[in-house]
Structures are given as structure tokens and as C-alpha cells.
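**Q** Need the 3D shape of this:
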Amino acid sequence: MVIGQPLESPQAPTGCGLRPLGETEFPSAGLTLTGDSPPLGNVRMSSGQSDRTSARSLLGPWMWRLWQSAVAWSWVMNGLRLAAGLVVLPLLATRLAKPDFDTYFVFLSLASLVPILDLGFSSSIGRAVSYAMGGARELRPQGFVPEPGAAGPNRTLLWQLLHTTRVLYRILTFAALVLLAPLGTWAVHKAAPQTSTPALTWLAWGLTLLAVLWEIYTGWWNVFLRNLDRVLSSARQVALAQLIKIALSCGLLLAGAGLLSVPLAGLVSAMVQRFLARRQVLQVLGPAPGTTDPQTVRQLITVLWPNSWRVGLQLFSNYLGSQANTLVCLPLLGLAASGQYGFTLQLITLCSSMAQVWTTVKWPYLGQLRVRQDLAAMQRVVWPRLWLQYATYLLLAGAVIGLVPWLLQVAQPDKSLLPMPWLALLAVHGFLEMNYVFWGTLISTENRTPFTWPIILSNVVSFALVLTLLQTTQLGPGALVLAPLLVHGLYNHWKWPREGARSLGTTFWRFLWGGPAAPRLPETASPLPVASGQRPDKD
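**A** Numbers count the residues shown, from 1 in each chain. I've put the predicted structure just below:
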């Protein structure tokens, strides 16, 4: 998990009908722009209301409640991602020859680089969009300028961010092409002669590269949509795209398309998702108040970059850490122990992902409240959802600990999880990691990332400790559980919950047990201005 980059973004009260501010300033760049800025999304059609009334009566109150729940749809997304592995992977194993099946994982490993190639810009852009929805008149490389009297979205700034994001992701897509094309071609060149149909393998690689580049180039539309407070729509669109990808992959595999099946399905689903997200974003924003000149685009990229590279570096650190653990597990522990640890880790990660939905569906709204410096409202939003997150994780992790080993013994006796002491410790670490990731992400709503270097350093030290324990003790896979628990427990597990609560104007234990209270204004709320050309202070 990466702090500052929520799994999904939140459903919250929308900015419909609010009066936006008409002036956008960038003091650090010496730029002031003005516009007429009419209201966002202020037209509601009576036919749409009648359609919703009919749908509500048809579905019934409970089903309608679920249909309108961003939390429920986020769980559907997680369920579909799990289903993709349970449905598509067995089909791949049965419909592809062994060399083709192995080549598929080469494609998969290259596609897994997509989040890293984003360089953390999606989180910075999402935060900036939330600020603009909250009425921000200026953006800064580090920190933010509170707008306690803001009345509504800043439409001019939103359009400037949209144009900037489009340009930025064109650049990132080209950079991904330069990196992935030679790397993937080299890997496929070595694998293709061993596959059943080399020409088809090369065509599949071309489709995979095209699908990856298209995902990078167009995926930002959904990020933009989520942070415009249309998280319910965003979640539905992602779920639809996932369903299309699963169904089309299965259909093509059954039809004999082989290695072409998954990349072709991914390309089609990404096109559908882009069409839906782009259409709704443009509907929400309304007509553009004017053009965005190249100088403004460059200045906005400069503003977004300082925190983006920090999140990107953390993503890269996590990726290298997971790859390093995989490489260490297999030769030092053997295939059975590696599979045991990997299976257990996947289940605990699933518990955490499902639990975090309660809070991740509120991040855009919390970004708006942060820029308005409404700490009391932030506390009221966070407190009940944090407890729901804790309770959901404990319930799911308890099921993994208490039921899954028994179910495996009955249904699949050749498969098992980690032994019980290590399984329980891994669940404890999953809870503590989920907790500090939440509070760190809350800190990032202040547009600062003080956790980047401590987490990267902890990942490095944890890996070194894993190696040491594997070579000097008989812990076996328990070393992979104990090392990160000890290392992150020295600092990250307690530091970021304390700092996150302080950013709400309270303390962790007081907030957790006492609930929302009159906040104290945190010292980090109003950062010093950044002069033109001056580099922001390091975290």
C-alpha cells in the first residue's frame, strides 16, 4: 500500500449548484487569470428524477441503497478483480500451451509497471482537483492556502488542471513507449520462438503494448471524475470495465484467440471506461471559460511535481521490495513455503483493501474540507468511517484466521496458509499498516508527504533484516512476517497516526475514543508562501 495514493476515491456531497470563484492565482509563478466561471453541474433534468424514482420503486429501498452506495460499488470492483484471477487464470492455464502460458506472465509483468510509470502524478492531480472543488484560488508545490470562506468550485482552475493533465499524460505515455517498447521486445524476442505460434505471440505483444499505453494515456479521466466528487459514477464505470474485460477475455479464450485474448479485452474495456469518464467529466465542467496557454500548463506541472515524485519513489520502492522478497523466497525457502507466504499475504491484503473502502470513498470530500480548513467537519466524516474500517478488517481477518485453514484442510488439503502464530502476526501487521497508511494519506491532504523517506528507509532495512533472519535463524517464512512488523513498528506504526490526528486538531487516542471535538488549528495548516523561483522546503 502507498500513502497518499488512495485505492479508490470517495463519494461525497457534490459541488453541484455552488457558486465558483472567478479568479485563479498562482503567486509562486507570478500569474493571475480571471474568468466568468459559471456554476458546475447546476442543471437537473426532471426526466432524470422520474427515472430515479421509477428505479427506486423497482429495486426496493435496500437494493436502491446498495445501488447508490459508493462503498458497495467499490466492493464490487474488488470482487471483480478477485474474480478475474479465479475465472480467467484457470482458462488461461487450460486453453494455452505451457510456453504460451509462461509468455502471458511476461506480458503481465510488463503491464504491472503502469502504476510506477504514472510517477505519482495521479495522486497530486486528484488532490489539486479536490482543492479546486473546495474553492482554492491558488496551488502550491508544498502545503496549501486555506480558503475558509470559499463558496464553491473554482471552475477556471479545474479547466486549467484538465488541460495540464492531458498534456502531462501525453508526455508520460511517450516516456512509457520509450521504456517498454525495447524492454518488452527484448523479452518477447527470447520467449517467442518457444511459443506455439511465434507470429501470434508478436501480435499479442503489440496489442499488450498498445493496451498499456492507452491505459496510461486515458486512465486520468477516471481520476479526474472521482475527485470531482463523482465517485459513485467512477466506481460503476470501473466495475463495468472490469466486467467487460473478464467476459471478453473468457469469450476470446474459448474462441481460440490464445494470447490475443487478454490484451484485446483490456484495450476494449479501457476504451469503454475512457468514453464514459470523459463524457461525464465534460458534462460536470460545462463549457470551458477560455483556453489554457502553454505557460500555465508548464507552471502547473511545476507545482504538481514536488509531491508527485515523492509518491512515485514510494511506489517504486514498494515494487522493488515485493520483487526482492519474491526473488529471496523461492531460492531460500523453496516453492512450497513461498506459495504459503504469498497466498497468506494475498488474503490479508484483500482484507485490508475491502476495509479501506469505508474511508477511501471520502478522500475528495476531505480534500475540499481541508482547503476550507473545516477541521470539525473532517472529524465528523472521519471518525465513524475509521471505526467501520477497523471493524471490517477485524471481521475479515478473523475469518481468514479462524475459517480459511479449516476450509483448505477440508476442500484442498494440499494447500495451506502460514502456521497460526505467523498468520496472526501477519494479520496484526496488516492492521497496523492499514492504520498508518490511512493517517499518512490524511496528512497528504495538506499537500505534504513527510512520510516518503521514512517508509523507503524502513522498506530497505526490513529487506536487509529478512535476509539476515533467513540466513541466521530457523524462522523460515516467519522472517518475512517478523521483519517488517519490527522495523515499521519502530516509527511508522505510531508516528503517522499521531501526526495525522494532529492535522485534524486533536490527538490520536482522544479522537479515537472521544470522537469529534472542537479542533485545535494545527501548525501545518497555513504554510509559508513560496516565492517565485524558490524551491519548497524538503519534508
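**Q** low pLDDT regions in the stretch 301-450 of the chain?
**A** Across the stretch 301-450 of the chain, the ranges flagged by pLDDT under 70 are 323, 325-330, 335.
**Q** oh sorry, the question was meant for the chain
**A** Scanning the chain for pLDDT under 70 picks out 1-59, 323, 325-330, 335, 520-539.
**Q** Looking at it, which helix is longest?
**A** Scanning the chain for the helix with the most residues, using DSSP state H, yields helix 294-333.
**Q** Looks like Trp383 contacts Gly514 (just checking).
**A** No - using Cβ atoms under 8 Å, Trp383 is not in contact with Gly514; the gap is 9.2 Å. All C-beta atoms are positioned from the backbone trio N, CA, C, and that covers glycine.
**Q** the more surrounded of those two?
**A** Counting neighbours by other Cβ atoms under 10 Å for Trp383 and for Gly514 shows that Trp383 has the greater number, 18 against 11.
**Q** and that one, which of the three is it?
**A** When classified by DSSP: H, G, I helix; E, B strand; the rest coil, Trp383 comes out as helix.
**Q** What is the longest helix of the chain packed up against?
**A** strand 23-26, strand 31-34, helix 114-117, helix 121-133, helix 155-191, helix 335-360, helix 452-472 (3 or more Cβ pairs under 8 Å, 6 or more residues apart in numbering; DSSP states H and E).
**Q** Can you name every helix or strand that the last one contacts?
**A** In terms of contacts (3+ Cβ pairs under 8 Å, 6+ apart), helix 452-472 is packed against helix 294-333, helix 478-489, helix 492-503.
**Q** still on that earlier bit, for the longest helix of the chain, buried residues please.
**A** For helix 294-333, a neighbour-count test (16 or more other Cβ atoms under 10 Å) marks 296-297, 299-301, 303-318, 321, 325, 328-329, 332-333 as buried.
**Q** okay, the angle between that helix and helix 452-472?
**A** Compare the direction of helix 294-333 with that of helix 452-472 by axes from the mean of the first three to the mean of the last three Cα atoms, to 10 degrees and you get 10 degrees.
**Q** got the angle between helix 294-333 and helix 121-133?
**A** 140 degrees.
**Q** Use 3 as the first number from now on
**A** In the new count, where the first residue is 3, that last one comes out as helix 296-335.
**Q** between helix 296-335 and helix 157-193, how big is the angle?
**A** Going by the same axes, to 10 degrees, helix 296-335 makes 40 degrees with helix 157-193.
**Q** Return the distance of helix 296-335 from the chain's centre.
**A** How far helix 296-335 lies from its chain's middle: 13 Å, per Cα atoms, centre = their mean, to the nearest Å.
**Q** Equivalent analysis for stretch 389-408, please.
**A** Remark: stretch 389-408 is offset 22 Å from the chain centroid, using Cα atoms, centre = their mean.
**Q** buried set for stretch 265-273?
**A** Pro265, Leu266, Ala267, Gly268, Leu269, Val270, Ser271, Ala272.
**Q** residues making contact with that stretch?
**A** Contacts of stretch 265-273 with the rest of the structure, by Cβ atoms under 8 Å, 6 or more residues apart in numbering, involve 109, 206, 209-210, 212-213, 216-217, 220-221, 243-244, 246-251, 254, 259.
**Q** Output the contacting helices and strands for the helix or strand containing Gly369.
**A** In the assignment (DSSP states H and E), Gly369 maps to helix 365-373. Counting contacts by 3+ Cβ pairs under 8 Å, 6+ apart, helix 365-373 is packed against helix 123-135, helix 222-229, helix 377-404.
**Q** any chance of those in JSON lines, plus distance to Val359?
**A** Formatted as JSON lines, the helices and strands packed on helix 365-373 follow (distance: least, Cβ to Cβ, whole Å):
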{"stretch": "helix 123-135", "distance to Val359": "17"}
{"stretch": "helix 222-229", "distance to Val359": "13"}
{"stretch": "helix 377-404", "distance to Val359": "8"}
